[in-house]
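**Q** Everything below, folded, please.
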Amino acid sequence: MIVIHHLNNSRSQRVLWLLEELGVPYEVRRYERLKTLAAPPELKAVHPLGKSPVLTDGALTLAETGAIVTYIAQTYGGGRFQPREDSADWWRMQHFLHHAEGSAMPPLFMKLVFASIPSQAPALIRPVARALMKGVDAQFLKPRLADLLDYWDTALAATGWFAGPEPTLADVMMSFPLEAAGSRVGFDDRRHLPAFVERIHARPAYRQALQRGGPYAYA
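**A** Here you go, the predicted model:
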């Protein structure tokens, strides 16, 4: 039995979605974030980095979402949620599978961290911290996030999915960056991005995953 060590409001929600889509039996072990939003120390008993998601399947313990969804698809998927390996869509899927964490999430995470810095600074320097973070956001983060949003919107224009005419692992991986971007940045007039989020949220497997995983701020 697969066990997913699941942290609330985290990347692990998309792993539950994939398992529901594939109809693979699994168990959820839930962990709640601390007031600092960090993962609880109990997760370090599962994996030394103490982060989520972590998959255990028999003797195997596996961290990192991209590795986990690849393992699930190759071990239990039977070719589902993947294009043919001799197709261009296969490589598009591979690209977005890695892009989701390699290029998409770092600026979104920085956006979250920088927004919290002024409120955590001592009162005397809070105005300076606020002005500094505002400048970093305007000059560094906003242009990079705008480029990412434009890139994703263009990638979705042809079929509504990231790697071909049907949903794949690329869409599973990209679901969290798009949900986070919609919450932290907004989509402005990019119409394909909100349509993608609405489309995945309407899927029965996605809704079932929410029931299994518990409260999730981005849905």
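
**Q** For this structure, which residue occupies the most central location?
**A** When CA atoms, centre = their mean is applied to the chain, the residue found nearest the centroid is F176 (2.7 Å).

**Q** What's the local residue count around T61?
**A** T61 has 14 neighbouring residues, counting by other CB atoms under 10 Å. For glycine as for every other residue, the C-beta is placed from the backbone atoms N, C-alpha and C.

**Q** a helix runs through V24, doesn't it?
**A** No. Counting by DSSP: H, G, I helix; E, B strand; the rest coil, one finds V24 to be coil, located in no helix.

**Q** Counting neighbours, what do you get for it?
**A** 15.

**Q** same deal with L145?
**A** Count around L145 with other CB under 10 Å applied: 20.

**Q** packing partners for the lowest-mean-pLDDT helix or strand in the chain?
**A** One helix or strand of the chain scores below all others by mean pLDDT, DSSP states H and E: helix 126-136, with a mean of 78. Counting contacts by 3 or more CB pairs under 8 Å, 6 or more residues apart in numbering; DSSP states H and E, helix 126-136 is packed against helix 105-120.

**Q** in the helix it packs on, what's buried?
**A** Residues of helix 105-120 classed as buried by neighbour count (16 or more other CB atoms under 10 Å): 105, 107-108, 110-111, 114, 118.

**Q** TSV for those, including distance to L141 and pLDDT?
**A** Output for the buried residues of helix 105-120, formatted as TSV (distance: CB to CB, whole Å; pLDDT from 0 to 100):
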residue	distance to L141	pLDDT
M105	13	96
P107	6	93
L108	9	94
M110	6	84
K111	6	86
F114	7	73
P118	15	76
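
**Q** Check which residues of the helix or strand containing the residue nearest to the centre of the chain are buried.
**A** Per DSSP states H and E, F176 falls inside helix 169-184. By 16+ other CB under 10 Å, the buried positions in helix 169-184 come out as 169-182, 184.

**Q** Stretch 193-207 now?
**A** 193, 196-197, 200, 205-206.

**Q** Show me these that map onto helices.
**A** Counting by DSSP state H, the members of the buried residues of stretch 193-207 that fall within helices are 193, 196-197, 200, 205-206.

**Q** of all those, which two lie farthest apart?
**A** Greatest spatial distance among those (CB to CB): L193 and A205, at 20.8 Å.

**Q** Next up, the contacts around V24.
**A** V24 sits next to 2, 72, 76 when contact means CB atoms under 8 Å, 6 or more residues apart in numbering.

**Q** Including distance to P165 and pLDDT, could the buried residues of stretch 193-207 go into JSON lines?
**A** Below are those laid out as JSON lines (distance: CB to CB, whole Å; pLDDT from 0 to 100):
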{"residue": "L193", "distance to P165": "18", "pLDDT": "98"}
{"residue": "F196", "distance to P165": "14", "pLDDT": "98"}
{"residue": "V197", "distance to P165": "19", "pLDDT": "98"}
{"residue": "I200", "distance to P165": "15", "pLDDT": "98"}
{"residue": "A205", "distance to P165": "18", "pLDDT": "98"}
{"residue": "Y206", "distance to P165": "19", "pLDDT": "98"}
